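Novice: coords below, sequence missing:
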């Protein structure tokens, strides 16, 4: 897909079919994460794919924002492993995880699937249900699947702040 079309037409898909995501497509998405940019190439990321019914049920337990996608990719940052800005100590691990999430989302769209980025979840329950993620900061539950024919962007998707409130020149 042409990049400009991709970024203009992408939206948060909240209705998926039951069709599983192929291993080949999962690998393409994971590859896009693997090559995503990180500060000083430190790669402070840990990624988990969730496809089993049991573990997808656990995802549903930690967030009300679950849309029955057949695949969830949990993208986590590892505090202390990322680039840290010396002037203020800002650890860029979460920024790196956000960049990886966006890159994965764009790949998902490029291969003809849909996704929604969920970042509202119960982190305490996440720690209990996903002990594998201990020591990381969950940044995104990227829910991925084949787009249902009934799917459409929510009404507020295309509402944008006035450009004069966002763009400035120095």
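Specialist: Received the coordinates, thanks. Just so it is clear, the model here is predicted, and its values are computed rather than measured.
Novice: give me the contact list for the longest strand seen in the chain.
Specialist: Taking DSSP state E as the criterion, the chain has its longest strand at strand 137-145. Strand 137-145 has contacts (Cβ atoms under 8 Å, 6 or more residues apart in numbering) with 13, 16-17, 19, 21, 29, 59, 63, 66-67, 69-79, 93-94, 97-98, 101, 104-105, 108, 113-119, 121, 123, 126, 130. For the C-beta atoms, the positions are set from N, CA and C on the backbone; glycine is no exception.
Novice: now, of those, which are buried?
Specialist: 13, 16-17, 21, 29, 59, 63, 66-67, 69-78, 93-94, 97-98, 101, 104-105, 108, 113-118, 121, 126, 130 (16 or more other Cβ atoms under 10 Å).
Novice: let's see which of those residues end up in strands.
Specialist: 71-77, 114-118.
Novice: how much space between the closest residue to residue 72 other than its chain neighbours and residue 40?
Specialist: Computed as Cβ to Cβ, 6 or more residues apart in numbering, the closest residue to residue 72 that is not its neighbour in sequence is residue 50, at 4.2 Å. Distance of residue 50 to residue 40, computed by Cβ to Cβ, to the nearest Å: 30 Å.
Novice: equivalent analysis for residue 120, please.
Specialist: 30 Å.
Novice: picking up where we left off before, okay, now the sheet partners of the longest strand of the chain, with direction.
Specialist: strand 71-77 (antiparallel), strand 114-118 (antiparallel) (DSSP bridges).
Novice: columns mean pLDDT and distance to residue 83 on top of the ones you listed, output as a markdown table?
Specialist: Listed next are those as a markdown table, based on pLDDT from 0 to 100; distance: least, Cβ to Cβ, whole Å:
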| stretch | mean pLDDT | distance to residue 83 |
| --- | --- | --- |
| strand 71-77 | 98 | 12 |
| strand 114-118 | 96 | 23 |
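Novice: centre of the chain to the longest helix along the chain, how far?
Specialist: Criterion DSSP state H: the longest helix present in the chain is helix 93-110. Here the centre of helix 93-110 is set off from its chain's centre by 6 Å, with Cα atoms, centre = their mean, to the nearest Å.
Novice: all set now, cheers.
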